[in-house]
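Novice: no sequence for this one, just the structure:
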């Protein structure tokens, strides 16, 4: 596994975390692939537009995202990340706290650089 790719993905994961906390849709637009497929912890399949709309509209507001237990498997063009994320915020004006595990697939292209192509989240039930 190329260490420079791992370093890039760690930095991108941090950029993504900061953009999510700030609801920075411009940064999220750059980090998320147009053809994103994301399956959330409720089993819903969401697109890039769905993700950006949730942040832009204020439907989803994140107050705290604490990553841990990150694992990365990477090639020069593809990386898979598993990360545990403890979070708090509001969804549809209702407060929530969650302990989720995310799996994200990052794809590299010469035209767009690194982007999240796919993702999945699930509740952590045991510590």
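Specialist: The structure has been received and is ready for your questions. Here the structure is a predicted model, which means the values were calculated and not measured.

Novice: contacts and neighbour counts: CA atoms only from here.
Specialist: Fine.

Novice: Can you name the element that comes right after the helix or strand where residue 9 lies?
Specialist: Using DSSP states H and E, residue 9 falls within helix 3-22. Going down the chain from helix 3-22, the next helix or strand is helix 25-31, by DSSP H and E.

Novice: quick one: contacts of the helix or strand harbouring residue 50?
Specialist: Element membership for residue 50, per DSSP H and E: helix 48-57. If you take C-alpha atoms under 8 Å, 6 or more residues apart in numbering as the criterion, helix 48-57 is touched by 20, 23-25, 28-29, 32-37, 60-61.

Novice: ok, now stretch 117-127?
Specialist: Here stretch 117-127 has contacts from 32-33, 35-42, 98-107, using C-alpha under 8 Å, 6+ apart.

Novice: ditto for stretch 97-105
Specialist: Contacts of stretch 97-105 (C-alpha under 8 Å, 6+ apart): 78-89, 116-124.

Novice: for that stretch, which positions count as buried?
Specialist: If you call a residue buried by 16 or more other C-alpha atoms under 10 Å, then stretch 97-105 has these buried ones: 99, 100, 101, 102, 103, 104, 105.
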